[in-house]
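A.B. asks: Generate a structure from the sequence data that follows.
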Amino acid sequence: MPVSRGQKIFLIIILGVVILSIAVYFAISIGSSGSGKIGVVEIEGAITDMKEAMEDVVKFKEDDNIKGVILRINSPGGAVGPTQEIYSEIKKLKQSKKVYVSMGSVCASGGYYIAVTGEKVYASPSTITGSIGVIMEQAVMEDLMKKIGVEANTIKSGAFKDTGTPFRKMRDDERKYLQSVIDSIYEQFVNDVAEGRKMPVDQVKQLADGRIYTGLQAKETGLVDNIGTFYDVVDDLQKDLGLHGKPSLVYGKRPFSFLRWLLSSAIQDIIFKNTSQPVQFLYKP
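C.D. replies: Numbering: from 1, shown residues only. As a prediction, this is how the structure comes out:
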């Protein structure tokens, strides 16, 4: 069956697209095979899931072309578990790469927890940081439910199984029990800050009463090393690595997600604050 002129043109276009795609692929491969690259891991918004950021960390750790990594953190903190997960992965990364931290407008509580992994930590003069501590909140609706004639019945396997329920006030033994949990997590936070900042634990505790600091105040107290922008961090890391010429910044490549955009830090805070993440490293203005 003879091929029509239109079909020939279509096949030529398809062939051209394939050749162009291959050329682009090899150009990217050649460009990424050079030396002197700096990886950038971005941590933005409330911390609820660090899976993608951890994937970036692991990818940079395994890439010999990545000579150092910058953590760009703009976060008020968030859930305890994901914060400690990314903290742990960055500590592994530091065994083979230099890791510097650039703070955005806010790098507080869990955000600061992650920041202390950096060999050098930079903040802007007015960056809001610190807020070293742990928080758990409970909204109690018991009196409201009585007014509208609603009663909650709970069947449980143990005295503490429904601790924190919004349907009744907290008992004294429950408060003591939860305070012990908070204290344990707080001690972990303080010890990790002390290790990361090379400060005595007692000195950290004097700073770790939940208060926030500006970047300038944090510099004075030793919570950060330098005042500078993201590109100051790039320049200093490049110099410390001995890289020549303009450094190539490599960001974790992730497709745009409408859901991720929708669940911005403000929305995440509303959704997760009192539901799936009751205990948090979180700065709350």
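
A.B. asks: so Ile47 sits right up against Ser109, yeah?
C.D. replies: No - with contact defined as CB atoms under 8 Å, Ile47 does not reach Ser109; the gap is 9.0 Å. All C-beta atoms are positioned from the backbone trio N, CA, C, and that covers glycine.

A.B. asks: Give me the more crowded residue out of the two.
C.D. replies: Higher neighbour count among Ile47 and Ser109: Ile47, with 32 against 29, using other CB atoms under 10 Å.

A.B. asks: Enumerate every residue touching the more buried one.
C.D. replies: 75, 77-79, 82-83, 86, 110-111, 281 (CB atoms under 8 Å, 6 or more residues apart in numbering).

A.B. asks: now do Glu151
C.D. replies: Contacts of Glu151 (CB under 8 Å, 6+ apart): Met145.

A.B. asks: looking at this protein, which helix or strand does the model trust least?
C.D. replies: helix 265-272 (a mean of 47; mean pLDDT, DSSP states H and E).

A.B. asks: Could you report the neighbour count for Leu241?
C.D. replies: 16.

A.B. asks: that older thread, let me have the contacts of Ile47 in CSV, extended by pLDDT and neighbour count.
C.D. replies: Shown next, in CSV, are the contacts of Ile47 (pLDDT from 0 to 100; neighbours: other CB atoms under 10 Å):
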residue, pLDDT, neighbour count
Ser75, 94, 29
Gly77, 93, 27
Gly78, 91, 29
Ala79, 92, 24
Pro82, 94, 20
Thr83, 96, 27
Ile86, 96, 24
Gly110, 95, 32
Gly111, 96, 32
Phe281, 62, 29
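
A.B. asks: Helices - which of these land there?
C.D. replies: If you go by DSSP state H, the contacts of Ile47 have 82-83, 86, 110-111 in helices.

A.B. asks: measure Ala218 to Tyr122 for me?
C.D. replies: Distance of Ala218 to Tyr122, computed by CB to CB, to the nearest Å: 10 Å.

A.B. asks: residue contacts, Asn74?
C.D. replies: With CB under 8 Å, 6+ apart, Asn74 has these contacts: 43-45, 103-107, 111.

A.B. asks: Now list the buried members of these.
C.D. replies: 43, 45, 103-104, 106-107, 111 (16 or more other CB atoms under 10 Å).

A.B. asks: Next, give me the two most distant ones among the residues you listed.
C.D. replies: Between any two of the buried ones among the contacts of Asn74, the greatest separation by CB to CB is 14.3 Å, found for Gly45 and Met103.

A.B. asks: Helix, strand or coil: sort out the nearest residue to Asp63 once chain neighbours are set aside for me.
C.D. replies: Excluding its sequence neighbours, the residue lying closest to Asp63 (CB to CB, 6 or more residues apart in numbering) is Gly39, at 7.4 Å. Here Gly39 is strand, with the state taken from DSSP: H, G, I helix; E, B strand; the rest coil.

A.B. asks: can you pull the contacts of Gly39?
C.D. replies: So Gly39 contacts 56, 59-60, 63, 66, 68-70, 97, 249-252 (CB under 8 Å, 6+ apart).

A.B. asks: Which ChimeraX command selects the buried ones in these?
C.D. replies: Written as a ChimeraX command, the selection of buried residues from the contacts of Gly39, which uses 16+ other CB under 10 Å, is:
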select :56,60,66,68,69,70,97,250
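
A.B. asks: now, which of the contacts of Gly39 sits nearest Glu142?
C.D. replies: When these are compared against Glu142 (criterion: CB to CB), the nearest one is Asp56, at 45.0 Å.

A.B. asks: For the helix or strand containing the closest one, list the C-alpha coordinates in PDB.
C.D. replies: For Asp56, the host element (DSSP states H and E) is helix 51-62. Provided in PDB are the C-alpha atoms of helix 51-62 (Å, rounded to 0.1, in the frame of the first residue of the first chain):
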ATOM      1  CA  LYS A  51       9.700  11.700  51.500                       C
ATOM      2  CA  GLU A  52      10.500  13.800  48.400                       C
ATOM      3  CA  ALA A  53      13.100  15.900  50.200                       C
ATOM      4  CA  MET A  54      14.700  12.600  51.500                       C
ATOM      5  CA  GLU A  55      14.800  11.300  47.900                       C
ATOM      6  CA  ASP A  56      16.700  14.400  46.900                       C
ATOM      7  CA  VAL A  57      19.200  13.900  49.800                       C
ATOM      8  CA  VAL A  58      19.800  10.300  48.800                       C
ATOM      9  CA  LYS A  59      20.200  11.200  45.200                       C
ATOM     10  CA  PHE A  60      22.800  13.900  45.900                       C
ATOM     11  CA  LYS A  61      24.600  11.600  48.300                       C
ATOM     12  CA  GLU A  62      25.000   8.900  45.600                       C
END
